Structures are given as structure tokens and as C-alpha cells.
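Enquirer: Kindly generate the corresponding structure for this input.
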Amino acid sequence: MPTTYTSTTERVETWLDGSTLHIRFNNPAKHNALSVDMWEAVPPLLDAAREDERVRLVVFSGAGTKAFVSGADISQFEDMRAAKEAVKHYEAMAEKTLTGIHDFPKPTLACIRGYCIGGGVNVAIACDLRIASSDSVFSIPAARLGLGYRYSAMKNLVDLVGPGTAKDLFFTARRIGADEAKSIGLITRVAPTDGLDALLAEYTTSIGENAPLTIETAKYITREVLRASPEIDLEQCTARIRGCFESADYTEGRTAFMEKRKPVFKGK
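Expert: Residues are numbered from 1 along each chain as shown. Sure, this is the predicted structure:
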């Protein structure tokens, strides 16, 4: 029997169109901010697509015209990220999803329209390819919230744009447009606002027609080229990230965001 694709939540839509599996984040009331159920819905879909010979490309997109993903669903932070155990659960869940996208053996593509912020950037850079409409906006606002970024996400960013540009985006938390995002290598191509669908069709058609084993082999070898050194102290990286989430600055950043004011950080 052919594989059927059903999402575990209505806030993630999925369908198979020819040889392309579409996974669309569907939380437009919150600019497609990622809620817990949205994170959890992705791995089962990728597991099914991995074994489905019909699937040659997985495309991630956001519902509506305002956003790809605008970050985390901040309303869930108090319940899901404030307590130590909740932080561990949330981080493990996000890591599983993003690693699953990054390590998926077939090509993946982020089709970006509108806001691509924080967790949205993480989803995008976990993909192999990124295309965007000209009105898209990108930012990594972690430094304004006091939260820690996982090693894997930082590595994906550094591998993609280089350490200097990665630090620029991360330290300043500034927003950039699609043209600058393309110039630094964050995205591959930019389309006019009314031309994104046509650009996506170009990719779905060409990848669907090209040799899948050749493409999958190229993806595997590229990943091997970028593999991290065994000397990396991942335990220390994890400890430092946990320290950010357990800090008073993180509480201040989260509270200031909810209160729509500028945070006052003290480095504690």
C-alpha cells in the first residue's frame, strides 16, 4: 500500500504532490510561531518519507503570506521552557526535529515568504536549499531574549554563512532583508513576491526529474566534508546553553518580550 501522510496536528499541514512532500507550518494567527505540537509533528512525516520511493524532495513552507516561521510560540515559554526539566524536554524535542531535517537523506528545501525569525531560521538552515520572496525578513533574536543556542544550530549557521557573518547576525540580533540574506549566503535565490511559486516549481520539477541516487550521494558527501572535529567539547557547549536558560537574564528577556518592553540584562 502506498504511504499516506497525515499530520499529528492541524497546525502542520502535509500533502504529496508528484515527487514532492510538502510540510507547511499552519499557525497564521501567530505568524506560524512554532508550538510544541508543531515540532512533534515533523519527525514522523520525515520517517515515512525516508522509506517512500515516490518522495524525491521535501519542501517546508508557512501558511499565509506573512511568515515562514516567526520563531517559538512565546505564549508556551512559561509552561514549556521556564522550569529546568521543561527546558530539557523542549530542547531535546527541537534538537530531534532539526537534526532530523538536517540528516534526512533526500533533498530538503525551505520556501520562505515573510518573517523568518529565530526558530524559523533554524528550520531553514537545517534544509539543503532556501528560496525566498523579496519581502522576506530574517533575524536571530536570541541575544534579546537571553536564551542559549544549541551547538548544532550554531554549526549550521557558521557552515552556511561563515563565522564572521554568523557572529554579526547573532550578536546584533538585527533584521535583514532578502537581498542581504542572499548576498551573505543565508538563502540561495530570491523571487518577486508574485514569483515564488514559479521558482519553487522550478526546483520541484528539476529535482523530481534528476537522478535521486546521485543527489543523495552528493548530499551525504557534502555532510561528511562539513563534519565537526572529534575534539569539540559538546558537554561544555551544552552546559553553557543550559546556563543561559537558567539565568536571570533569560527570565528578564522572556518577561520583557511578553510585556513588549526593552530588556535590561545584567549578565547573571
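Enquirer: all contacts plus neighbour counts: C-alpha atoms, from now on.
Expert: Noted.
Enquirer: Identify the residues contacting Val137.
Expert: Shown in contact with Val137 (CA atoms under 8 Å, 6 or more residues apart in numbering): 114-117, 175-178.
Enquirer: Could you do Ala142 as well?
Expert: Counting by CA under 8 Å, 6+ apart, Ala142 has contacts 118, 148-149, 170, 173.
Enquirer: By pLDDT, give me the weakest of those.
Expert: The pLDDT minimum for the contacts of Ala142 sits at Gly148, where the score is 80.
Enquirer: where's the nearest residue to Pro212 once chain neighbours are set aside relative to Arg130, distance?
Expert: Excluding its sequence neighbours, the residue lying closest to Pro212 (CA to CA, 6 or more residues apart in numbering) is Arg56, at 6.7 Å. From Arg56 over to Arg130 the distance is 16 Å, taken as CA to CA, to the nearest Å.
Enquirer: Who has more neighbours out of those two?
Expert: Comparing Arg56 with Arg130 by other CA atoms under 10 Å, the one with more neighbours is Arg56, at 26 against 23.
Enquirer: That one is in contact with Phe104, isn't it?
Expert: No: using CA atoms under 8 Å, Arg56 is not in contact with Phe104, being 11.3 Å away.
Enquirer: where do the helices sit along the stretch 51-200 of the chain?
Expert: Using DSSP state H, counting those that start in this stretch, the helices of the stretch 51-200 of the chain run over residues 77-80, 84-103, 119-126, 142-145, 151-161, 163-172, 178-183, 196-209.
Enquirer: most neighbours per residue, which of these?
Expert: Of all the helices of the stretch 51-200 of the chain, helix 119-126 has the most neighbours on average by mean count of other CA atoms under 10 Å, namely a mean of 25.
Enquirer: In CSV, please show the C-alpha coordinates belonging to it.
Expert: Extracted as CSV, the C-alpha positions of helix 119-126 are listed here (Å, rounded to 0.1, in the frame of the first residue of the first chain):
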residue,chain,number,x,y,z
GLY,A,119,13.4,29.1,15.1
GLY,A,120,12.4,29.8,11.5
VAL,A,121,16.0,30.5,10.6
ASN,A,122,16.9,27.2,12.3
VAL,A,123,14.4,25.2,10.2
ALA,A,124,15.6,27.0,7.1
ILE,A,125,19.3,26.4,7.7
ALA,A,126,18.7,22.8,8.5
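Enquirer: okay, the angle between it and helix 151-161?
Expert: Here the directions of helix 119-126 and helix 151-161 differ by 60 degrees (axes from the mean of the first three to the mean of the last three CA atoms, to 10 degrees).
Enquirer: Provide a list of residues in contact with the most centrally placed residue in the chain.
Expert: Nearest to the mean C-alpha position of the chain, by CA atoms, centre = their mean, lies Val123 at 1.1 Å. By CA under 8 Å, 6+ apart, Val123 lies in contact with 98, 101, 110.
Enquirer: rerun that using 10 Å as the cut-off
Expert: Residues in contact with Val123 (CA atoms under 10 Å, 6 or more residues apart in numbering) are 60-61, 68-69, 71, 94, 97-99, 101-102, 109-110, 116-117, 153.
Enquirer: one step back: give me the common contacts of Arg56 and Phe104.
Expert: By CA under 10 Å, 6+ apart, Arg56 and Phe104 have these common neighbours: 49-50, 216.
Enquirer: and which of those residues is nearest Ile207?
Expert: Closest approach to Ile207 among those (CA to CA): Glu216, at 10.9 Å.
Enquirer: neighbours around the residue nearest to Glu216 when sequence neighbours are not counted, how many?
Expert: Spatially, and ignoring its direct neighbours in sequence, Glu216 is nearest to Lys106 (5.6 Å; CA to CA, 6+ apart). Neighbour count of Lys106, defined by other CA under 10 Å: 22.
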